[in-house]
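> Turn this into a model:
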Amino acid sequence: MEVPPAPRTPDELQDRRMKAAALFEAGHHTQAEIARLLGTTRQAVNKWHKQWKAGGTQALASRPAGAAPLLEADREHRLLRLLDQGPAAHGWNDQIWTLSRINRLISEHFNVAFADPSGVWRMLQRLGYSWQVPAARAVQRDEEEIAAWCTATWPQAKRPR
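Next up is the predicted model:
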């Protein structure tokens, strides 16, 4: 008897569990025989059998990986409408959204907050937003002072290689 190759994808793993459920239902094989037929361990089959007895084949279905999103879809759409109003509409003096500002907006309107700004960034990327650089330069920018700093201060501050 040839042992099937080990499944790799979540769908293949679920298919194997569903085959085990069909064999449980048929009632013609021991758990050890099912393990040999499916190329897995007796302990895994025992665990599946307990799950199957408790909840049927639905208990053996794959579930999404990872934690649930902090904001549900309807709240994400409300957040997008708030972002479209711009930062000035929410009390900031300029028109630049930062991750910490967006996190504060989420906290004020939805009573939840991301522990880390990278969570805000990942959510914005998933929603189709991208990082934008302001097109204008600062009004107080002094090109002569920048050139002097680059020639005098920067070489001293730069680490030797």
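> Can you show me the CA trace of the worst-scoring helix or strand of the chain on mean pLDDT as CSV?
Every helix and strand of the chain was ranked by mean pLDDT, DSSP states H and E. The lowest is helix 154-157, at a mean of 78. Taking C-alpha atoms only, helix 154-157 is exported to CSV below (Å, rounded to 0.1, in the frame of the first residue of the first chain):
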residue,chain,number,x,y,z
TRP,A,154,28.1,66.5,7.4
PRO,A,155,31.6,65.3,6.7
GLN,A,156,32.4,65.6,10.4
ALA,A,157,29.2,63.8,11.5
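> tell me the contacts of residue 48?
Listed by Cβ atoms under 8 Å, 6 or more residues apart in numbering, the contact set of residue 48 reads 17, 20-21, 24, 60. To be clear about C-beta, it is placed using only N, CA and C from the backbone, and glycine gets the same treatment.
> tell me what the strand or helix carrying residue 121 is packed against?
Assigning secondary structure by DSSP states H and E places residue 121 in helix 117-126. Judged by 3 or more Cβ pairs under 8 Å, 6 or more residues apart in numbering; DSSP states H and E, helix 117-126 is in contact with helix 99-110.
> From the contact counts, what lies against the helix it packs on?
If you count contacts as 3+ Cβ pairs under 8 Å, 6+ apart, helix 99-110 packs onto helix 73-84, helix 117-126.
> ok, back up a step: show me what the helix holding residue 121 is in contact with.
69-71, 76, 99-100, 102-103, 106, 114.
> Just the mean pLDDT for it, thanks.
Taken as a whole, helix 117-126 carries a mean pLDDT of 92.
> Could you check the least confident helix or strand of the chain and say which residues are buried?
Within helix 154-157, no residue counts as buried by 16 or more other Cβ atoms under 10 Å.
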